[in-house]
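Undergrad: missing the sequence, but the structure's below:
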């Protein structure tokens, strides 16, 4: 049950709804409408006229452990601040910045929103009536409050000189595997010394194929990844010696090794010895792993709790290790490291309360709970040497992987990179362009977008 000062609105807002916000603001302000639900506190009373209302948008997965910990953390804040009512709305992570930008243009932006560092880069330059979408938090935080967080985390929340968010977590991809599947197949499980040759050899041994219309088709993946999603390409790109940007932030999508890395990734699904089922997307990867139909995946800590509660954990358990070393270069695959945090809307009339809530949700206490219950990597420096975190092999493993990753720049270019890459990926996947030509075109397109 929630206290009277917590209003939980479990809502998955679509872009179409938000486009109507200037005309139908009641969709965010009213009681239940469509798939929105307002839950009153235990007393069943509505908020009082003296209450200060803080509207917060989050992007945790529906009914996930993360969403539960988040909601209960908001409840704790409301108990400590009885004069503040918090209205919670869930939005999809993938286009959170677009929904926020649309809402802001309609004068309906929430007071507080969860955004990633690359999403900050997408909206950092956008203006509504001459004003930025997000509040610069430097005047709102004391030096001591800023020093509570890792320097890289704070830097990731900066756009230019402005601090646009309070960092609450860090994310990256790593190699996750099903111990039982490897034991049953008699295959040595992954380890930190694996090369891409080791990865492919094990994946090939555990892939199930059958002949269909004279062609061998993968019906059960030996390794499952969404090959057409750029975020999963980034660690492979880095392992082949490529980069998204140069030292000055200029696009280098066609850098040395980039084309080879893209060909290598697509060969996982389309090559002669394919190990990935055709058409695998993110949700399909997750579903196959949960159903024990894929022994290995590349994924992040945000889904570990889901896998842990699935049938995989009832076997020998989950395994985690570093991404492999690329044989061709001797370099380890290095995932893109992104940060997520809490940003305050420039339009908010309750900035002080919104900042206080953001600090609470980013506090050492809340981050520790997220770490231990959802395997979310912390940004609070007090937790780096925490005994409970150090003793947890999952969190420690992802932290080790993050140390070997490449931090995503919080720039406009990083925010835009996915659009031209999506086109390039489609062309290469459909065999209408070579990887080199498609990435060259994507690089040129991104440069034009930045002009």
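TA: Sure, I can see it. Just so you know, these numbers come straight off a predicted model, no measurement behind them.

Undergrad: Name the residues that touch the helix or strand hosting residue 78?
TA: For residue 78, the host element (DSSP states H and E) is helix 65-80. Here helix 65-80 makes contact (Cβ atoms under 8 Å, 6 or more residues apart in numbering) with 2-3, 5-6, 8, 56, 58, 60-61, 84-86, 88, 90, 302, 305-306, 309, 356-357, 360-361, 366, 369-370, 373-374, 376. Bear in mind the C-beta positions are built from the backbone N, C-alpha and C, glycine included.

Undergrad: Just the buried positions in stretch 50-69, please.
TA: 51-60, 65-67, 69 (16 or more other Cβ atoms under 10 Å).

Undergrad: just stretch 76-89 next, same as before
TA: For stretch 76-89, a neighbour-count test (16+ other Cβ under 10 Å) marks 76, 77, 78, 81, 84, 85, 86, 87, 88, 89 as buried.

Undergrad: Could you do stretch 174-182 as well?
TA: Those would be 174, 175, 176, 177, 178, 180, 181, 182, for stretch 174-182 by 16+ other Cβ under 10 Å.

Undergrad: and the fourth one, what does it touch?
TA: With contacts defined as Cβ under 8 Å, 6+ apart, the neighbours of residue 177 are 189, 190, 295, 296, 297, 318, 319, 320, 321.

Undergrad: swap in the first one?
TA: Contact partners of residue 174, counting by Cβ under 8 Å, 6+ apart, are 298, 299, 300, 320, 321, 322, 323, 335, 397, 398, 401.

Undergrad: let's go with 6 Å and repeat that
TA: 398, 401 (Cβ atoms under 6 Å, 6 or more residues apart in numbering).

Undergrad: ok, now how distant is it from residue 232?
TA: 12 Å (Cβ to Cβ, to the nearest Å).

Undergrad: repeat for the fourth one
TA: As for residue 177, its distance to residue 232 is 16 Å (criterion: Cβ to Cβ).

Undergrad: same check, this time on the second one
TA: Residue 175 sits 12 Å away from residue 232, going by Cβ to Cβ.

Undergrad: cool, the third one as well?
TA: Between residue 176 and residue 232 the computed distance is 13 Å (Cβ to Cβ).

Undergrad: repeat for residue 253
TA: Residue 253 sits 16 Å away from residue 232, going by Cβ to Cβ.

Undergrad: Pick out whichever of these two has more residues nearby.
TA: residue 253 (27 against 20; other Cβ atoms under 10 Å).

Undergrad: can you tell me which residues contact the more buried one?
TA: Contacts of residue 253 by Cβ under 6 Å, 6+ apart are 439, 442, 443.

Undergrad: so where's the stretch 1-150 of the chain shaky on pLDDT?
TA: Residue ranges of the stretch 1-150 of the chain with pLDDT under 70: 1-49.

Undergrad: again, only using 90
TA: 1-51, 63-64, 94 (pLDDT under 90).

Undergrad: For ChimeraX, what selects the buried ones among the contacts of helix 65-80?
TA: The buried residues among the contacts of helix 65-80 can be selected in ChimeraX (16+ other Cβ under 10 Å) with this line:
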select :2,3,5,6,8,56,58,60,84,85,86,88,90,302,305,306,356,357,360,361,366,369,370,374,376
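
Undergrad: Let's see which of the contacts of helix 65-80 end up in helices.
TA: Counting by DSSP state H, the contacts of helix 65-80 place 305, 306, 356, 357, 360, 361, 366, 369, 370, 373, 374 in helices.

Undergrad: Check what pLDDT the third one gets.
TA: So the one you mean is residue 356. For residue 356, the pLDDT comes out at 98.

Undergrad: can you list the domain ranges for this structure.
TA: Domain ranges of the chain: 6-170+339-407, 174-334+417-450, per automatic domain parsing.

Undergrad: partners of the biggest strand by length in the chain, with directions?
TA: Longest among the strand segments of the chain by residue count, using DSSP state E, is strand 336-344. If you go by DSSP bridges, strand 336-344 pairs up with strand 112-116 (antiparallel), strand 166-171 (antiparallel), strand 406-407 (parallel).

Undergrad: Look up how far residue 299 lies from the spatially most central residue of the chain.
TA: Nearest to the geometric centre of the chain sits residue 171, at 6.5 Å (Cα atoms, centre = their mean). According to Cβ to Cβ, residue 171 stands 11 Å off from residue 299.

Undergrad: circling back to that earlier point, which of the contacts of residue 177 sits closest to residue 272?
TA: Checking the contacts of residue 177 against residue 272 by Cβ to Cβ gives residue 296 as the nearest, at 19.9 Å.

Undergrad: roughly how far apart are the closest residue to residue 221 other than its chain neighbours and residue 208?
TA: With Cβ to Cβ, 6 or more residues apart in numbering as the criterion, residue 221 has its nearest non-adjacent residue at 4.4 Å, and that residue is residue 294. Applying Cβ to Cβ, the value for residue 294 to residue 208 is 10 Å.

Undergrad: what about those two, which has more around it?
TA: The residue with more neighbours, out of residue 294 and residue 208, is residue 294; 29 against 12, by other Cβ under 10 Å.

Undergrad: and that one, helix, strand or coil?
TA: coil (DSSP: H, G, I helix; E, B strand; the rest coil).

Undergrad: re earlier: can you give the distance from the longest strand of the chain to the centre of its chain?
TA: What separates the centre of strand 336-344 from the centre of its chain is 9 Å, taken as Cα atoms, centre = their mean, to the nearest Å.
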